[in-house]
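Q: Here you go, sequence then predicted model.
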Amino acid sequence: MDSIKEEIESLRRQINDHNHSYYVENSPTISDQDFDMLLKELERLEREHPEYDDPYSPTHRVGSDLTKGFRQIVHERPMLSLGNTYSVGEVDAFVGRCREGLPGEEVEIVGEMKFDGTSISLLYENGRLVHAVTRGDGEKGDDVTDNVITIRSIPLQLSGSDWPARFEIRGEILLPWKAFDRLNAERAFNEEPLFANPRNAAAGTLKMQNSAEVSRRGLDAYFYYLIGDNLPYPTHYENMQAARRWGFKVSDAMRVMRSIKEVDEYITYWDTERKNLPVATDGLVFKVNSLRQQLNLGYTAKSPRWAIAYKFQAERALTRLRFVSFEVGRTGVITPVANLDPVLLSGTIVKRASLHNADIVRQLDIHYDDMLYVEKGGEIIPKITGVELSERKPGTEPVEFVKHCPSCGTELVRVDGEAAWICPNTYGCAPQIVGRIEHFVGRRMMDIDGIGEETARMMFDAGLIRDIADIYDLTSSQLLTLEGFGPRSAERVLEGVEASKSVPFPRVLFALSIPYVGETGAKKIARAVGSIDRLMAMTADELTAIEDVGPRIAASILEYFSHESNREIVERLRRAGVQMEVEASDGPQSTALLGKSVVISGTFALHSRDEYKSMIEANGGKNVGSISKKTDFILAGENMGPAKLEKASKLGIPIIDENRFLEMINQNS
Ligand code: IVH
């Protein structure tokens, strides 16, 4: 076989693998820039050797975000992508090409941020939002209207009156840095996998089936492209300023420029200044300002000739690997961590970077003593993106993932279909036990004042507590034997232990550390079953009948209670006085909406959507995301979308306004 063909095939294989890590596993194994280089090289070879073309080559796909479970809507105009550049010179060349394509004309260029989120297209008719659609495969996308209307900065009804009767506006849905950090902190706390960057978090959030959760996460949106037959102004810039007056968020960074010098200065300025923005950006976009000129320049098959993206260089440092540690979490998951020679990266000193899991360690092919590239692109957690092979010392061994638990020596196991290796010695492995104790006493669980992470470990090491139930047998004289403990601190712990006996059952259930039973899950399960005794007696079928409990959670609950030691812990906790059933006030306060399934739509004057959601639950009802045959009624505010109205009337589902709803729950409560 000739070597060109081999090279083409090797590139296709590499690109497909990287695509898989990026889109499927949400954990990219290569920087965007290196990825684009591979793709460009493949495009070049395929262009020069059309005899090796293959309809399945990754160069023929634009990528797709289509997800099962969402209705699809065909874009009236396809959602295209932009050509990428990585240097000022390439941007200058783009400006040159535009000028050449428009001989004798003055060409204005608009510079703006390239927001690093997930793209969205909104349709407005008569000033009202009709629907919101993701990019999908560029031709058709997912209808995510229910989730998009929870984003407070997106206008459902436009201000002013100079908007076209019908238009589309496109932009980027983002999770601001602050909200991203908060979400990841919560996920770390629940030992759920972290989002690698705000882009993945925004994309994942937008595709959730539970719009109340979407609302809670705090998405935001910026808009950068207005499309329609009767746009009010002849330039992109003026139209975007108009859009801002109508109520859309449009970046202040947008600027009109007339010379290459101004363009270059704009790049230099934003290369550093972007770090002070509240949202992630991965570059800049330059567009020809005049819509007529845009039309004249036209499109290639994939992108407009009148716009180009300039990608920021990810911040990267090269440093030596000291050693790899393997850390055991509360649920037994083993995380490989690269311990590095300290290195300065985007203003912070990096000493450790997660290597995520065994697959990633293998893909990166790290050897001991290697020089590694650490990157902080759009990500907060530094990650290892590659090895500098030219600096590899001869004879070094590749890093091997451990086969046995670094703490207790038990042979590790791998759960089917998951990347993680787990230490199965759940009840005998010290870091897992200590992790569960730390979790149990934490603020959102039993909130035992006076026992923090440090103290929990100390108590375990001193043999005072071997499991969570031992906490209730602690005595003052035992505590006084601990280093740093005096009568005051001992008293504080005992008071904290006493106070924890009134923590409501849903939090107790969460505190037990049943794998896969998170905070929200525990709440739902506790309310559905009422008591630990009922939960312990349930079968898999009964468990999966509970809202949001799937086979994995059901199996985990069954497995937890199949251990005599866990049942004993529950008994000892109960005898100590810990709450093992829901009290009346934990559950619904009235039965006005018992068993009713309610969809909330539109915007309200008297209460927020979240408040209405709580009221529905407090009255025994269930808030669901989308209209179906099973919906009992729709609680509708202003601006309920026409698509929803139509669906509701087709299925004959009653629509109730907020006044009527409030009457409904007052009458019966
Ligand atoms: S304009 C036809 N402007 O980048 C041109 N796109 O690779 C349409 N993006 O899918 C896009 N910021 O998700 C444009 N200021 C901006 C942008 C932007 C981010 C995203 C968008 C698009 C991708 C193009």
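A: Received it, and whenever you're ready, just let me know what you need. Numbers count the residues shown, from 1 in each chain.

Q: For the ligand, what's the nearest residue on the stretch 1-150 of the chain?
A: Using Cβ to the nearest ligand atom, residue 119 is the residue of the stretch 1-150 of the chain that sits closest to the ligand, at 3.1 Å. C-beta here means a position set from N, CA and C on the backbone, and glycine is covered the same way.

Q: residue contacts, that residue?
A: Each residue near residue 119 by Cβ atoms under 8 Å, 6 or more residues apart in numbering is listed here: 79, 134-135, 170-173.

Q: Can you name the residues of the stretch 151-300 of the chain that neighbour the ligand?
A: Selection of the stretch 151-300 of the chain residues close to the ligand by Cβ under 6 Å from any ligand atom yields 172, 224-225, 285.

Q: Give the buried residues for whichever strand or helix holds the residue of the stretch 1-150 of the chain closest to the ligand.
A: When secondary structure is defined by DSSP states H and E, residue 119 falls within strand 118-125. Neighbour counts over strand 118-125 (16 or more other Cβ atoms under 10 Å) mark 118-124 as buried.

Q: Report all helices and strands that the lowest-mean-pLDDT helix or strand in the chain contacts.
A: None of the helices or strands of the chain scores lower by mean pLDDT, DSSP states H and E than helix 658-668, at a mean of 79. Packing partners of helix 658-668 (3 or more Cβ pairs under 8 Å, 6 or more residues apart in numbering; DSSP states H and E): helix 609-618.

Q: Flag every buried residue along stretch 418-436.
A: 420-423, 425-426, 429-436.

Q: For the protein, which residue occupies the most central location?
A: residue 201 (2.1 Å; Cα atoms, centre = their mean).

Q: could the contacts of residue 119 go into JSON lines alongside pLDDT and secondary structure?
A: Shown next, in JSON lines, are those (pLDDT from 0 to 100; DSSP: H, G, I helix; E, B strand; the rest coil):
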{"residue": "79", "pLDDT": "94", "secondary structure": "coil"}
{"residue": "134", "pLDDT": "96", "secondary structure": "strand"}
{"residue": "135", "pLDDT": "95", "secondary structure": "coil"}
{"residue": "170", "pLDDT": "98", "secondary structure": "strand"}
{"residue": "171", "pLDDT": "98", "secondary structure": "strand"}
{"residue": "172", "pLDDT": "97", "secondary structure": "strand"}
{"residue": "173", "pLDDT": "97", "secondary structure": "strand"}
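
Q: Of those - the most surrounded one?
A: residue 134 (29 neighbours; other Cβ atoms under 10 Å).

Q: Could you show which parts of the chain are in contact with the ligand?
A: 80-82, 112-115, 119, 135, 172, 224-225, 285, 304, 307, 309.

Q: quick one: the residue in the stretch 551-669 of the chain positioned nearest to the ligand from residue 80, how far?
A: Here the residue of the stretch 551-669 of the chain nearest the ligand is residue 641; by Cβ to the nearest ligand atom that distance is 23.0 Å. To residue 80, residue 641 is 26 Å away according to Cβ to Cβ, to the nearest Å.

Q: between those two, which one's more packed in?
A: Between residue 641 and residue 80, residue 641 has the larger neighbour count (other Cβ under 10 Å), namely 21 against 16.

Q: How about the contacts made by the closest residue to the ligand within the stretch 201-350 of the chain?
A: Proximity to the ligand, evaluated over the stretch 201-350 of the chain using Cβ to the nearest ligand atom, is greatest for residue 224 at 3.6 Å. Each residue near residue 224 by Cβ under 8 Å, 6+ apart is listed here: 112, 115, 170-172, 240, 250-251, 285.

Q: is it true that residue 225 touches residue 170?
A: Yes: using Cβ atoms under 8 Å, residue 225 is in contact with residue 170, at 4.2 Å.

Q: Tell me, please, where in this protein the pLDDT is lower than the cut-off.
A: Along the chain, the parts satisfying pLDDT under 70 run over 1, 20-28, 60-68, 191, 347, 377-380, 584-589, 667-669.

Q: now the helices: where do they sit in the stretch 151-300 of the chain?
A: With helices called from DSSP state H, counting those that start in this stretch, the stretch 151-300 of the chain shows them at 177-189, 198-206, 211-217, 236-246, 260-273, 291-297.

Q: contacting residues around the last one?
A: Which is helix 291-297. 98, 101-102, 105, 107, 231, 234-236, 239, 287-288, 304-306.

Q: if you set the cut-off to 7 Å instead, what comes out?
A: Residues from elsewhere that reach helix 291-297, judged by Cβ atoms under 7 Å, 6 or more residues apart in numbering: 98, 101-102, 105, 107, 234-236, 288, 305-306.

Q: Can you report how many residues neighbour residue 74?
A: 10.

Q: Would you enumerate the residues in contact with it?
A: Contacts for residue 74 (Cβ under 7 Å, 6+ apart) come out as 139-140.

Q: change it to 10 Å
A: Each residue near residue 74 by Cβ atoms under 10 Å, 6 or more residues apart in numbering is listed here: 133, 136, 139-141.

Q: any idea which of the helices of the stretch 151-300 of the chain is most buried?
A: Of all these, helix 198-206 has the most neighbours on average by mean count of other Cβ atoms under 10 Å, namely a mean of 24.

Q: so that helix versus strand 118-125, what angle?
A: Using axes from the mean of the first three to the mean of the last three Cα atoms, to 10 degrees, the inter-axis angle of helix 198-206 relative to strand 118-125 is 50 degrees.

Q: Can you name every helix or strand that helix 198-206 contacts?
A: Contacts defined by 3 or more Cβ pairs under 10 Å, 6 or more residues apart in numbering; DSSP states H and E place helix 198-206 against strand 109-115, strand 118-125, strand 128-134, helix 145-148, strand 166-174, helix 177-189, helix 211-217.

Q: Let me have these in CSV, extended by distance to residue 94.
A: Shown next, in CSV, are the helices and strands packed on helix 198-206 (distance: least, Cβ to Cβ, whole Å):
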stretch, distance to residue 94
strand 109-115, 9
strand 118-125, 21
strand 128-134, 28
helix 145-148, 32
strand 166-174, 21
helix 177-189, 30
helix 211-217, 36
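
Q: Quick check: neighbours shared by residue 225 and residue 170?
A: Common contacts of residue 225 and residue 170 (Cβ under 10 Å, 6+ apart): 79, 119, 121.
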